[in-house]
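Colleague: Attaching a predicted model along with its sequence, questions to come.
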Amino acid sequence: MKTSIGLAQAHDLLQTRADLLSSGRTDREIRELVRTGLVLRVRRDRYIDAVGYDGLWDEGKHLVAVIAAHLNADPPGPVFWGPSAAVVHGLPVYRLAPKNVHTVILGNRHGRTRSGIAQHYVAIDDSDIVEIGGIRCTSVERTVLALACTATADASLSAADAALRRVAVEGHRYDAARAVAWHERMSHRAAAVHARGVRQARRILDFADGRAQLPGESVSRLQLHRIGFSGLDLQVHVTGAEGDDYWLDFGFPRNRVFGEFDGQGKYMDPEVRGARTAEDAVIAEKRREDDVRGVTGWRFARWEDRHIRTPDTLSARLNAFGVRPPA
């Protein structure tokens, strides 16, 4: 199971040559570790254990690269932009694995890419430059707008949904007024942009919904829309036989089916399942499904990450459960 990390963890994973030497390695051993791929050189004098690196999600791998670039820069450091700012903010960028670290050029100069750092000349207001853990980056809203213009729809929607969720959702309570205000702000931002990708950005921002709890739910909703489903019920509330509250990812009323994105993290990731074992998580999910079936009479259709790679793969999965879009 892949691991999610934050700024502090990414920082701790990085080692300098001096760190490796102090652990008892020699220069010759360090060169051999790098040559054989057991230790990876992220940037100049920034290394990471290959096993730890391979165990990270793409967001974590890119965050490590961002931290390394920040540590190697002269103070106050660059302003990170787009996907690089997104990982600093802890936003998901579904299946996006940037080859370069992305920064903003402050001043009237041409953009360029050098030594794995892409420098973008884009207009950024001072109010949209923030500092997180000593690292400068664009604000959440400016970052979401940049992604919506430049990244894949899957990646940009997952980030937009997560950003809106922070604003409009507390627990399971969805504040529609806050969501509307966020959409209005993002619409104004998009209207002020005259760059390639802004039409896609407007579509993504309009489609964003903070009720998505996971990137897989965001992409599922996007694929469902592409298949032909519209006006889906999201995070459907059901009260169990003994008063337990449940929320189901999607509702298909015409078919009397609840749709659930079954990410592995629900059962395998300690951060998601809490103190429960994987076995306990599976049993709890079965009891939840049985309770919901009992009080509603509805069936369940479940799908995994592999089913949402394309609209066709999700459509085939739903067809197996007799769930089809309205004619």
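Modeller: Right, received. Where do you want to start? Numbers count the residues shown, from 1 in each chain.

Colleague: CA atoms of the strand or helix carrying Arg35 as CSV?
Modeller: Assigned by DSSP states H and E, Arg35 belongs to helix 27-36. What follows is helix 27-36, C-alpha atoms only, in CSV (Å, rounded to 0.1, in the frame of the first residue of the first chain):
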residue,chain,number,x,y,z
ASP,A,27,32.1,8.3,-0.5
ARG,A,28,32.7,5.2,-2.5
GLU,A,29,29.7,3.4,-0.9
ILE,A,30,27.5,6.4,-1.6
ARG,A,31,28.5,6.4,-5.2
GLU,A,32,27.8,2.6,-5.4
LEU,A,33,24.4,3.0,-3.7
VAL,A,34,23.4,5.7,-6.2
ARG,A,35,24.8,3.6,-9.1
THR,A,36,22.8,0.5,-8.1
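
Colleague: In it, which residues are buried?
Modeller: Applying a neighbour-count criterion of 16 or more other CB atoms under 10 Å, one finds Ile30, Leu33 buried in helix 27-36. C-betas here are computed from N, CA, C, even on glycine.

Colleague: Going along the chain, name the helices of the stretch 101-250 of the chain.
Modeller: With DSSP state H, counting those that start in this stretch, the ranges of helices along the stretch 101-250 of the chain come out as 140-150, 153-168, 176-191, 198-207, 215-227.

Colleague: who's in contact with the spatially most central residue of the chain?
Modeller: For the chain, the residue nearest the mean C-alpha position is Pro92 (1.2 Å; CA atoms, centre = their mean). Neighbour list for Pro92: Glu59, Ala86, Ser158, Ala159, Ala162, Pro215 [criterion: CB atoms under 8 Å, 6 or more residues apart in numbering].

Colleague: gap between it and Ala163?
Modeller: 10 Å (CB to CB, to the nearest Å).

Colleague: same check, this time on Pro78
Modeller: 22 Å.

Colleague: out of everything not next to it in sequence, what's closest to Arg324?
Modeller: Nearest residue to Arg324 in three dimensions, chain neighbours excluded: Leu318, at 7.0 Å (CB to CB, 6 or more residues apart in numbering).

Colleague: quick one: that neighbour and Ala301 touch, right?
Modeller: Yes: at 6.1 Å, Leu318 counts as touching Ala301 under the criterion of CB atoms under 8 Å.

Colleague: ok, these two, which is more surrounded?
Modeller: More crowded of Leu318 and Ala301, by other CB atoms under 10 Å: Leu318, with 23 against 19.

Colleague: Distance from the chain centre to whatever helix or strand comes next after the helix holding Arg35, please.
Modeller: Counting by DSSP H and E, the element after helix 27-36 in chain order, helix or strand, is strand 39-43. How far strand 39-43 lies from its chain's middle: 24 Å, per CA atoms, centre = their mean, to the nearest Å.

Colleague: which residues touch strand 39-43?
Modeller: 14, 20, 30, 33-34, 47-50, 53, 64-65, 68-69, 72, 115-116.

Colleague: Just the ones of those in helices?
Modeller: Leu20, Ile30, Leu33, Val34, Ala50, Tyr53, Val64, Ala65, Ala68, Ala69, Asn72 (DSSP state H).

Colleague: For burial, what's the neighbour tally of Val39?
Modeller: With other CB under 10 Å as criterion, Val39 counts 21.

Colleague: Need the per-residue pLDDT for it.
Modeller: The score at Val39 is 98. That number is its pLDDT.

Colleague: give me the low-pLDDT residue ranges for the stretch 1-150 of the chain?
Modeller: 107-111 (pLDDT under 70).

Colleague: Tell me the buried residues within the contacts of strand 39-43.
Modeller: By 16+ other CB under 10 Å, the contacts of strand 39-43 give Leu14, Leu20, Ile30, Leu33, Tyr47, Ile48, Tyr53, Val64, Ala65, Ala68, Ala69 as buried.

Colleague: Go through these and name the one nearest Ala208.
Modeller: Ala65 (26.7 Å; CB to CB).

Colleague: residue contacts, the closest one?
Modeller: Val42, Arg43, Val101, Gly116.
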